[in-house]
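Novice: all I have is the shape, not the residue letters:
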């Protein structure tokens with residue numbers, strides 16, 4: 001059974017940093033393209049970033065490009081999202097999920113409705 005546990009969220013001031021973790025169980029993470037998504041109140045889930053299983057390529061939504069960095073630690077079966085220069089509009093619940101490799105490069109265009117699991121809350125506020 002595939003299972004993801006997101007952690008690392010919190011309250012941070014504008015301009016601050018956080019590192020989110022996505023710990024996977026039930027499968028070998030490096031065999032899947034993994035995406036980070038976020039959902040702000042009243043909005044759909046939007047794709048933020050993806051790391052490809054095929055070549056390790058990394059992809060970002062335009063709104064976070066240059067500020068966020070996705071990475072993977074295969075030994076820990078964990079994907080990370082380093083978030084720097086955080087803005088109030090980054091406030092959301094963040095989730096990780098597998099993506100088809102063909103969708104990884106288009107992560108910034110993905111929007112998905114519905115209710116997901118717990119995720120990790122990121123709040124950017126002064």
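Specialist: Received the coordinates, thanks. Because the structure is predicted, anything quoted here is derived from the model rather than measured.

Novice: ok, residue 29 - contacts?
Specialist: With contact taken as CB atoms under 8 Å, 6 or more residues apart in numbering, residue 29 is in contact with 72, 74, 77, 78, 79. Every residue, glycine included, has its C-beta placed from N, CA and C.

Novice: per-residue pLDDT of it, please?
Specialist: Residue 29 is assigned 80 on the pLDDT scale.

Novice: for residue 54, see how far away it is.
Specialist: Distance, residue 29 to residue 54, using CB to CB, to the nearest Å: 14 Å.

Novice: contacts only, for the residue most central in space within the chain.
Specialist: Centroid-nearest residue in the chain, with CA atoms, centre = their mean: residue 36, separated by 2.1 Å. Residues near residue 36 by CB under 8 Å, 6+ apart: 20, 22, 47, 48, 49, 50, 70, 79, 81, 94, 95, 96.

Novice: neighbouring strands of the lowest-mean-pLDDT helix or strand in the chain in the sheet, and parallel or not?
Specialist: When the helices and strands of the chain are scored by mean pLDDT, DSSP states H and E, strand 111-112 comes last with a mean of 87. In the sheet, strand 111-112 lines up against strand 45-51 (antiparallel) (DSSP bridges).
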